[in-house]
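J.: Any chance you can model this:
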Amino acid sequence: MRHHADQGGQPATDWAPGQMVACSVCENPFESEDMATCPAYDAPICSLCCTLESRCHDRCKSRSRAAEQVSDGLAWMLPVAWFQRINFRVGHYLVVFLSLALLLAFALGVVYYQEGVVNHVFGHPDVVGDTPSLLQGPFIKVFALLLLAAAVCSWWVVLASESRRMAQDDSNRQNQLLQLEIDAHRRTDAALQAAKELAEAANQAKTRYVAGMTHELRTPLNSIMGYAQILLKEEKPNGPRQGALTTIQRSGEHLMALIDGLLELARIEAGRLRLDPSPVPFREFLDDVGRMVQPQAEAKQLRFELKTRGRVPEWVQVDAKRLRQILLNLLGNAVRFTDKGGFTLTVDARREVLRFEVTDTGIGIAPQDMERIFLPFERGSAGRRSSEPGTGLGLTITHLLTELMGGELSVNSTMGQGSTFSVRMYVREIAAPVQLPSAAGAAGAAGVSGTHVAGRAASPFLRHRPVTGYAGPRRTLLVVDDQPLQRQMLAGMLLPLGFVVREAASGSECLESVHEACPDAVLLDVSMDDMDGWSTSRAIRAAGFTDVPVIMVSANVFENRPENLAAALCQAFVAKPVMESELLDTLALHLQLEWISELAGLPGHGHGRDGEVPALAAMAAMADLRAEVQAEVQREGDLPPDAVAELSQLARMGHIQGLRTRLAAWAEASPEHQAQWRLLQRSLDDFDLDGLAERLAPASLAEDPVEDTLDEPQP
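T.: Sure, this is the predicted structure:
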């Protein structure tokens, strides 16, 4: 071992005694006492590799070479002025030359002396005396020749040594620079990796925030839109409140579209959106898209055409939901920004490459807006001047979905003449499947809402039908939600249609109600405290109710994944806010219902069991329920005065959390007034503090216990 840790090497001070350290050369582990940090490799090296390595020139030991030691010795012995004159190229040459000259002189002197001795001992007596004179001439000539050769060789040795040293120094400098660059790249890579992890963490936090925000927004929005739909159905045509209710519903739908767009965008950016390719009858798919767009075109008196070029395949393997979402977003833009003329959807099929072109005669897009329109919440200058509503996310989502499906989206437009959006993607043509998809799968391919929540976000053309009942026997539905307001809203939608609605506030109550009522379908909320919806659904199946359709209803649409539905043995997923058309389509699909859209002249099979019209029977049942609740409140008597005073003060202060806490405490302390506590809790859930204060006024609870409500939470 030449120069190791104990002989000038650089041991690592942060290694613990006995710690196993891997050698950077042989990659074998050794104890830390047998390791050192090699400056040539800038890494740990074992004693054996350090001994065998000769290319480093002992960089681990400073000034250890012979020439360096001689130079240091001369510098120590000679004055500085003399050393500076000697320590240059000619000085090195003179040292080497004189060293060789002395060596040659010594060698020739030995030979000369040996020849003289031999001749003196064994030579002829006549020439013994002349031996020195005879040998001097040839030896001087030989020495002169060798001295000349030594002079040349000395100069060559000096130049070669200096060149090698300079090359080595240059190589060392280059290696050092490369090592510095490598270290800089490592630091940059580490910084980029840290930035990437930070960005991923921020993206995940954003996704969680968006998911939580959409869940919190969907829950109150569900009540707003649900009751708006209920009140709009009860309002007479051209009634005084119809315009206001329509505005509330349309504003809610706009907010819902914005929430769905944000959620879709977050899922795509987070990489959580997965494609689900399946066999799709392509001609039927195009006809379905055309039927969804046609009513919107007719409403604005626009001409809509669906054209095909080339050989359109009969069956293709594609994610029909996402492709429909792309086309409907583009067609929706064409409808919104076209005031006269029309728009066309052209499908060009060539060798499994489909090209969809949506051409309109609308307002067009300015050249400076071509790139910006694909950014979130951005609209072109012409679009900003337009009065048409929009979330500003449609083209962003369309662009991302097109790239996710391996396609490309382009646009050409002329201001005042219209625009053409082109989608080009590879779609594999397949043979017709031997076995057609199931009803649920066919519904998904045909665009039935409710089977997948994204279907609603994909289609802005929701179907609204004036349904007043259904044909056949009365069906029992079990609504399960831990929030009374949400249960009441769903019951308010379903009771007027003739359904028998039972309610449950938890998973355990749901299991009891399933055994008692044997419902025809269960509308089950996902997020509940004691037992979530997925666990409740599995418990329902485990109890033997395998034929009862279970429809999940939740504001957290991130839960809507096929694996979740399959694991819980659920049939469908309906997102909050619940659209009546979506809920009715889902019920019709799984209960095989035939809706009745006219109240007058109903056929006999459309009546209830007693021959009543379902809607009228439901309204009569609600009136009876109101009477029962009012009687129960009157039997309970007045609330405790302390409770009335405390809750009234909190209501005047607007202290929501305090009201929730104290109302729960008083309900537990005075269980004999449960009906009145429930009515107060309902007002608090509605954030109706004025109504809550009025209910706390003397005799107000007994006079009208169910004012502005539809049904009592308890079944």
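J.: Paired strands for the helix or strand hosting residue 348, with orientation please.
T.: Taking DSSP states H and E as the definition, one finds residue 348 inside strand 342-350. Here strand 342-350 is paired, per DSSP bridges, with strand 303-310 (parallel), strand 353-360 (antiparallel).
J.: how about the ones you listed in CSV, adding distance to residue 15, mean pLDDT and mean neighbour count?
T.: Bear in mind the C-beta positions are built from the backbone N, C-alpha and C, glycine included. Shown next, in CSV, are these (distance: least, C-beta to C-beta, whole Å; pLDDT from 0 to 100; neighbours: other C-beta atoms under 10 Å):
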stretch, distance to residue 15, mean pLDDT, mean neighbour count
strand 303-310, 72, 90, 14
strand 353-360, 62, 92, 20
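J.: To residue 47, which of these lies closest?
T.: strand 353-360 (65.9 Å; C-beta to C-beta).
J.: Need the residues that contact the closest one.
T.: For strand 353-360, the external contacting residues (C-beta atoms under 8 Å, 6 or more residues apart in numbering) are 316, 326-327, 330-331, 333-334, 337-338, 341-349, 418-427.
J.: Show the buried residues in those residues.
T.: 316, 326-327, 330-331, 333-334, 337-338, 342-349, 418-423, 425, 427 (16 or more other C-beta atoms under 10 Å).
J.: show me where the stretch 351-500 of the chain has strands.
T.: For the stretch 351-500 of the chain, applying DSSP state E, counting those that start in this stretch gives strands covering 353-360, 408-414, 418-426, 428-430, 469-470, 476-480, 500-504.
J.: before we move on, back to that, quick one: work out the angle between the strand holding residue 348 and strand 418-426.
T.: 20 degrees (axes from the mean of the first three to the mean of the last three C-alpha atoms, to 10 degrees).
J.: where are the low-confidence patches of the stretch 101-250 of the chain?
T.: Residues of the stretch 101-250 of the chain meeting the criterion pLDDT under 70: 117-134, 207, 211, 214-215, 235-239.
J.: Would you mind giving the domain segments of the chain?
T.: The chain resolves into domains spanning 5-64, 77-226, 278-448, 469-610, 616-703 when parsed by automatic domain parsing.
J.: so which of those gets nearest residue 250?
T.: So among those, domain 278-448 is nearest, using C-beta to C-beta, at 8.2 Å.
J.: still on that earlier bit, and the strands of the stretch 351-500 of the chain: which comes nearest residue 137?
T.: For the strands of the stretch 351-500 of the chain, the distance to residue 137 is smallest for strand 408-414, at 97.5 Å, taking C-beta to C-beta.
J.: The closest one: which residues count as buried?
T.: Neighbour count says strand 408-414 has 409, 411, 413 buried, by 16+ other C-beta under 10 Å.
J.: Go ahead and produce PDB holding the CA coordinates of that strand.
T.: What follows is strand 408-414 as a C-alpha-only set of coordinates in PDB (Å, rounded to 0.1, in the frame of the first residue of the first chain):
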ATOM      1  CA  GLU A 408     -54.800  16.000 -31.800                       C
ATOM      2  CA  LEU A 409     -57.000  19.100 -31.800                       C
ATOM      3  CA  SER A 410     -56.600  22.000 -34.300                       C
ATOM      4  CA  VAL A 411     -58.700  25.000 -35.100                       C
ATOM      5  CA  ASN A 412     -59.100  27.300 -38.100                       C
ATOM      6  CA  SER A 413     -61.200  30.400 -37.900                       C
ATOM      7  CA  THR A 414     -62.000  33.700 -39.600                       C
END
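J.: Contacts for that strand, please.
T.: 364-365, 370, 373-374, 398-399, 402-403, 419-425.
J.: Flag the shaky bits of the stretch 251-400 of the chain, pLDDT-wise.
T.: The low-confidence ranges in the stretch 251-400 of the chain, as defined by pLDDT under 70, are 270, 272, 377-392.
J.: what are the ranges of the helices in the stretch 51-200 of the chain?
T.: Secondary structure of the stretch 51-200 of the chain (DSSP state H, counting those that start in this stretch): helices at 66-77, 80-86, 89-122, 125-128, 131-234.
J.: Could you dump these into a markdown table with distance to residue 255 and mean neighbour count added?
T.: Listed next are the helices of the stretch 51-200 of the chain as a markdown table, based on distance: least, C-beta to C-beta, whole Å; neighbours: other C-beta atoms under 10 Å:
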| stretch | distance to residue 255 | mean neighbour count |
| --- | --- | --- |
| helix 66-77 | 81 | 12 |
| helix 80-86 | 87 | 12 |
| helix 89-122 | 87 | 14 |
| helix 125-128 | 130 | 9 |
| helix 131-234 | 6 | 14 |
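J.: Dump those helices into TSV; add distance to residue 583 as well.
T.: Output for the helices of the stretch 51-200 of the chain, formatted as TSV (distance: least, C-beta to C-beta, whole Å):
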stretch	distance to residue 583
helix 66-77	91
helix 80-86	99
helix 89-122	97
helix 125-128	137
helix 131-234	10
